[in-house]
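Visitor: Have a look at this prediction, sequence included:
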Number of protein chains: 2
Amino acid sequence: MAEGDRSPRERMVFSAVQLIRREGVTSTSMRDVVEHARAPRGSLQHYFPGGKEQLVNEAVEWAARFASGRIDRFLAGMRRPTPSKLFSAMAGQWVEEFESAGFGAGCPLAAATIDCADSTASTRTAIASGFACWQRPVGQALIGLGVPARKAASLAVLMISALEGAILLARAQQDTAPLRTVVRELGPLLDDSVQSGAAVRDHVR
Amino acid sequence: MAEGDRSPRERMVFSAVQLIRREGVTSTSMRDVVEHARAPRGSLQHYFPGGKEQLVNEAVEWAARFASGRIDRFLAGMRRPTPSKLFSAMAGQWVEEFESAGFGAGCPLAAATIDCADSTASTRTAIASGFACWQRPVGQALIGLGVPARKAASLAVLMISALEGAILLARAQQDTAPLRTVVRELGPLLDDSVQSGAAVRDHVR
DNA sequence: TGTGTTCTATGTCAGGCGTCATAATACTGA
DNA sequence: TCAGTATTATGACGCCTGACATAGAACACA
């Protein structure tokens, strides 16, 4: 999260992410971004000739890459990774942030979806790519943990859906309980999917 | 959904919900609401002296009551209700809307959370009450279907979280697949929770 | 019929927005 | 040193927003 050595352009994209997370896309003005990034205002039209739309799209892509990159880091930090532990780590990141920094900021992809899905086609496309870019490593991780390939993609969608929804609930009621709840309730389901085919048949009988 | 016999005031709240669902709170202007509701502009300050904040808060409350009221209607329309069927109905409502009306509109509670959670305290409170008002009948329904009371509230949170997240994903990628996926993957978990204590012990061994 | 209240109509205001135009400055390579 | 490019600085424009002021119309009720 060091920011001293980033270029003004990078800082502006990063600042856009931060502001969008808090206030949404529409309430985040170009001037706010410039000020938050301590960047020169004239650089806006220079680096983002496509205007706010371009800046927002790049912020979405940045956020998606960030979320996607965290997945492998979560796995690398575990001695005995399991699907439920991965999900717990994903949600835990949000619990930590909410507890240490408050409930002001949510997921930038969610914010962009709410504010742009129906108005800005290019942004909607960027968000779709972003979610896909996030879902891919989750699914791959599940496969690596023993989840059948057929099931992995579906469980990745479930994990991301539950996480996004829990983030919304947590922010609304300013309580991390929803995040803990979905982790607790979903954990067994995720780990059960690791069972071999024979075990699954035994369970179903 | 008939609207011919509603008062201008009701129409304005309803229109606010519709517009917030599509563009978010910030992009929805008072003038847009008035025009959409075919209501006189002067009525705004008359019925909503609290300004936009009041209008948005009432829209949130309206939407929450609507979502909460649908739960009982879903149950009433089933001959052999189960938790998974209830969840399927909740998600199915969104699948139908997306397929018939496109992916333009999402959940107004989610939109209000994104746009107002960090900026407008009274709206955030209204959203929190709204989610609670929605979660309550879901939990009660689960209890009525045989889910242990201890577990019902947690599963209600999980259902709403997964649904909200799936709505986001569906809008972003303009595909109802995420909704179908969470229903398919979560269904067994929900119905398993109906099992009696003995059956649960057998399963765990 | 009169009178007070509820509702509607319309104009105005200050402020913020994204975008553009224009110019000054900094940097790079010959 | 010089030219050409990259970057920054600053002002302006038209538009939209929420809020307000003021007056008029519609209505209920005595």
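Guide: On my side now, so go ahead.
Visitor: Can you name the residue of chain A nearest DNA strand C?
Guide: Proximity to DNA strand C, evaluated over chain A using CB to the nearest atom of the strand, is greatest for residue A:51 at 2.8 Å. C-beta here means a position set from N, CA and C on the backbone, and glycine is covered the same way.
Visitor: what's that residue in contact with, if anything?
Guide: residue A:45 (CB atoms under 8 Å, 6 or more residues apart in numbering or on different chains).
Visitor: does residue A:58 really touch residue A:13, like I thought?
Guide: Yes - counting by CB atoms under 8 Å, residue A:58 touches residue A:13, with 5.0 Å between them.
Visitor: for the residue most central in space within chain A, helix, strand, or coil?
Guide: Centroid check for chain A by CA atoms, centre = their mean gives residue A:67 as the closest residue, at 4.6 Å. The three-state label given to residue A:67 by DSSP: H, G, I helix; E, B strand; the rest coil is helix.
Visitor: Return the set of buried residues in stretch A:79-88.
Guide: Of all the residues in stretch A:79-88, those buried under the rule 16 or more other CB atoms under 10 Å in any protein chain shown are A:81, A:82, A:83, A:84, A:85, A:86, A:87, A:88.
Visitor: need these in JSON lines with distance to DNA strand D and pLDDT, can you?
Guide: Listed next are the buried residues of stretch A:79-88 as JSON lines, based on distance: CB to the nearest atom of the strand, whole Å; pLDDT from 0 to 100:
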{"residue": "A:81", "distance to DNA strand D": "42", "pLDDT": "94"}
{"residue": "A:82", "distance to DNA strand D": "46", "pLDDT": "95"}
{"residue": "A:83", "distance to DNA strand D": "44", "pLDDT": "97"}
{"residue": "A:84", "distance to DNA strand D": "44", "pLDDT": "96"}
{"residue": "A:85", "distance to DNA strand D": "43", "pLDDT": "96"}
{"residue": "A:86", "distance to DNA strand D": "40", "pLDDT": "97"}
{"residue": "A:87", "distance to DNA strand D": "39", "pLDDT": "98"}
{"residue": "A:88", "distance to DNA strand D": "41", "pLDDT": "97"}
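Visitor: OK, contacts around residue A:68?
Guide: A:133, A:134, A:136, A:137.
Visitor: ok, so of those residues, who is nearest residue B:23?
Guide: Proximity of the contacts of residue A:68 to residue B:23 (CB to CB) peaks at residue A:134, which lies at 24.6 Å.
Visitor: Check which element follows the one helix or strand that closest one maps to along the chain.
Guide: Element membership of residue A:134 [criterion: DSSP states H and E] is helix A:121-144. Going down the chain from helix A:121-144, the next helix or strand is helix A:149-173, by DSSP H and E.
Visitor: so how far is that next one from its chain's centroid?
Guide: Chain-centre distance of helix A:149-173: 10 Å, with CA atoms, centre = their mean, to the nearest Å.
Visitor: So for it, mean pLDDT?
Guide: Summarised as a single mean, pLDDT over helix A:149-173 is 97.
Visitor: For the helix or strand that that helix is followed by, report the contacting residues that lie outside it.
Guide: Downstream of helix A:149-173, the next assigned helix or strand under DSSP H and E is helix A:177-192. With contacts defined as CB under 8 Å, 6+ apart, helix A:177-192 is touched by A:82-84, A:87-88, A:91-92, A:94-95, A:98, A:142, A:155, A:158-159, A:162-163, A:165-167, A:169-170, A:203, B:154-155, B:157-158, B:161-162, B:185-186, B:189.
Visitor: now do 6 Å
Guide: Residues outside helix A:177-192 that contact it (CB atoms under 6 Å, 6 or more residues apart in numbering or on different chains): A:82-84, A:87-88, A:91, A:94-95, A:162, A:166, A:169-170, B:154, B:157-158, B:161, B:189.
Visitor: Mind listing what's buried along stretch A:38-58?
Guide: Those would be A:39, A:43, A:44, A:47, A:48, A:52, A:53, A:54, A:55, A:56, A:57, A:58, for stretch A:38-58 by 16+ other CB under 10 Å.
Visitor: Please disregard the earlier target; I meant stretch A:107-117.
Guide: Neighbour-count burial for stretch A:107-117, counted by 16+ other CB under 10 Å, picks out A:107, A:108, A:109, A:110, A:111, A:112, A:113, A:114, A:115, A:116, A:117.
Visitor: One more: stretch A:87-99?
Guide: Neighbour-count burial for stretch A:87-99 flags A:87, A:88, A:89, A:90, A:91, A:92, A:94, A:95, A:97, A:98 (criterion: 16+ other CB under 10 Å).
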